[in-house]
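# Could you work out the structure for the sequence below:
(chains A and B)
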Amino acid sequence: KNEVEQSPQNLTAQEGEFITINCSYSVGISALHWLQQHPGGGIVSLFMLSSGKKKHGRLIATINIQEKHSSLHITASHPRDSAVYICAVRVITQGGSEKLVFGKGTKLTVNP
Amino acid sequence: DVKVTQSSRYLVKRTGEKVFLECVQDMDHENMFWYRQDPGLGLRLIYFSYDVKMKEKGDIPEGYSVSREKKERFSLILESASTNQTSMYLCASSLILGLAVYNEQFFGPGTRLTVL
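Residues are numbered from 1 along each chain as shown, chains lettered A, B, ... in the order given. Okay, here's the model as predicted:
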């Protein structure tokens, strides 16, 4: 079983729809990241959170530490939101450092 | 803005060749990372470095080595490239690690390596 599970794997929406992408993890973490990857490969960090909720424009990220679950919401979706959204959790390595463990990503397509 | 650059966007090599992938960051970050990304598998950590000349194995270090002689530069080396190392390679950097610092990672544009 993967340490980080995302759902759905693929999501197609119409412009204007409210979108939710889910992430569940099975390990102890110090933080959770949501990342966005556009075609062509570039990855940007959207959110980094360890509790509660964060909002940036039309994007909202929530995390429930007890349930080991996070959601990324996009309000009033737009075709430019089409990308792969990746959940990553920060875990402590055997050497005492920290590393990110990634979900496999959710490919979102927003049609006009 | 933090900038992480990678030496090539596309690279084609032959089986058995020694391959160097270079990554440079311009924000004095302590930590640098090399990942590979494959369809259906997501991003996987190959190696990371938390200081000059320091390195730690990630989840899939076999067939790879790294070098960090200067703080801004982190190199990934494929000693003898094989076809199963055909992949997208992404470099990232971050400021410092630690439970008290919720730092984000900044990614380079990626190098798509094909080994024939």
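# Run a quick neighbour tally on A:His69.
By other C-beta atoms under 10 Å in any protein chain shown, 15 other residues sit near A:His69. Quick note: C-beta positions are derived from backbone N, CA and C, even for glycine.
# That one touches A:Ser26, doesn't it?
No. Judged on C-beta atoms under 8 Å, A:His69 makes no contact with A:Ser26 at a distance of 10.8 Å.
# and the residue nearest the centre of chain B, what are its bridge partners?
By C-alpha atoms, centre = their mean, chain B has its centre lying nearest to B:Trp34, at 2.3 Å. For B:Trp34, the beta-bridge partners are B:Tyr47, B:Cys91 (DSSP bridges).
# Contacts only, for it.
B:21, B:23, B:45-48, B:58, B:64, B:66, B:74, B:76, B:89-91 (C-beta atoms under 8 Å, 6 or more residues apart in numbering or on different chains).
# Now tabulate these in a markdown table and tack on pLDDT and neighbour count.
Shown next, in a markdown table, are the contacts of B:Trp34 (pLDDT from 0 to 100; neighbours: other C-beta atoms under 10 Å in any protein chain shown):
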| residue | pLDDT | neighbour count |
| --- | --- | --- |
| B:Leu21 | 97 | 22 |
| B:Cys23 | 97 | 25 |
| B:Leu45 | 93 | 21 |
| B:Ile46 | 96 | 22 |
| B:Tyr47 | 95 | 23 |
| B:Phe48 | 91 | 27 |
| B:Gly58 | 90 | 20 |
| B:Tyr64 | 97 | 20 |
| B:Val66 | 97 | 22 |
| B:Phe74 | 97 | 29 |
| B:Leu76 | 98 | 23 |
| B:Tyr89 | 97 | 25 |
| B:Leu90 | 96 | 26 |
| B:Cys91 | 96 | 27 |
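# give the contact list for the closest residue to B:Asp28 other than its chain neighbours.
Closest residue to B:Asp28 in three dimensions, ignoring its sequence neighbours and counting by C-beta to C-beta, 6 or more residues apart in numbering or on different chains: B:Lys71, at 6.7 Å. Going by C-beta under 8 Å, 6+ apart, B:Lys71 touches B:Asp28, B:His29, B:Glu30, B:Asp51, B:Val52.
# any idea how far B:Lys71 is from A:Leu32?
Distance, B:Lys71 to A:Leu32, using C-beta to C-beta, to the nearest Å: 28 Å.
# For chain B, which segments are assigned as strands?
Counting by DSSP state E, one finds strands in chain B at the ranges B:4-6, B:10-13, B:19-25, B:31-38, B:42-51, B:54-57, B:65-70, B:73-78, B:87-94, B:106-107, B:111-115.
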